[in-house]
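K.L.:
below: sequence and its predicted model.
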Amino acid sequence: MKGLVLSAQWEPRPGYEVSEFEKRTGKAVAGFNVWRHPKLEMKDVPQPQPGPGEVLLKIHACGVCGSDIHFYEHDSDDYILYPGLTKFPAILGHEFSGEIVEIGPGPEGEQFKVGDKVTAEEMVWCGHCRACRDGFPNHCANLEEIGFTIDGAMAEYIVVPAKLCWSIDSIFERYPDEETAWNVAATTEPT
């Protein structure tokens, strides 16, 4: 399958002290302090396979967010402009809609069936750390972000945790034209 992949060089700015978290995970807490020489390429990438608790979506629409643009835009020293959590290379795209084409093993996906139309939250939270247990999944100690630290939806398919999926049936009821409905659904970003 094809995917729009952003790559960049891990090259911390002079004077920037890389944290132990950043060293351990390869994730930059503030991308503009670390990632240099961004490069966008349409690449052949392996089609993902759903694991336990995950679903495979065929992407029908994917939006372009300002953050996607800031990944590729750069300053005069060629550092990306995006200030948040990042890990590259990654397929971009976190505002999307798609159809479930496969459900991984486990009870997490039981509320869905193949053919369901969904969108998904962008933040992949663990549900086990203190922040998650206290109701703050956006502060998850194990946070991943679709299209920021893990592969996103600017591809033909994406795997996402079933717990992050939201039905978009009501959008299809409101917009009977399928293309319009898929595009509107991609803008919902339920995170």
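P.N.:
Good, I have the coordinates.
K.L.:
residues making contact with whichever strand or helix holds Arg24?
P.N.:
For Arg24, the enclosing helix or strand under DSSP states H and E is helix 20-25. With contacts defined as CB atoms under 8 Å, 6 or more residues apart in numbering, helix 20-25 is touched by 27-29, 34, 87. Where you see a C-beta, it was placed from the backbone N, CA and C, and this is true even at glycine.
K.L.:
buried residues, that helix. List them.
P.N.:
Glu22 (16 or more other CB atoms under 10 Å).
K.L.:
just stretch 126-138 next, same as before
P.N.:
In stretch 126-138, counting by 16+ other CB under 10 Å, buried: 129, 131-132, 137.
K.L.:
now what about it, what contacts it?
P.N.:
Counting by CB under 8 Å, 6+ apart, 123, 125, 139-143, 163, 191 sit against stretch 126-138.
K.L.:
and the end-to-end length of it?
P.N.:
10 Å (CA to CA, to the nearest Å).
K.L.:
same question, stretch 62-74
P.N.:
Start-to-end span of stretch 62-74 (CA to CA) is 23 Å.
K.L.:
and for stretch 109-121?
P.N.:
15 Å.
K.L.:
distance between the ends of stretch 62-82?
P.N.:
19 Å.
K.L.:
list the buried residues for it?
P.N.:
Quick answer for stretch 62-82 (16+ other CB under 10 Å): 62-63, 65, 67-68, 70-71, 74, 79-82.
K.L.:
in strands, which of the residues you listed fall?
P.N.:
Cys62 (DSSP state E).
K.L.:
mind telling me the two of the buried residues of stretch 62-82 farthest from one another?
P.N.:
Cys62 and Tyr79 (25.6 Å; CB to CB).
K.L.:
tell me what the longest helix seen in the chain is packed against?
P.N.:
In terms of residue count, the longest helix belonging to the chain (DSSP state H) is helix 178-186. Packing partners of helix 178-186 (3 or more CB pairs under 8 Å, 6 or more residues apart in numbering; DSSP states H and E): strand 54-62, strand 96-103, strand 117-120, helix 169-174.
K.L.:
let's have the ones you listed in a markdown table, adding distance to Ile150.
P.N.:
Shown next, in a markdown table, are those (distance: least, CB to CB, whole Å):
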| stretch | distance to Ile150 |
| --- | --- |
| strand 54-62 | 12 |
| strand 96-103 | 13 |
| strand 117-120 | 12 |
| helix 169-174 | 25 |
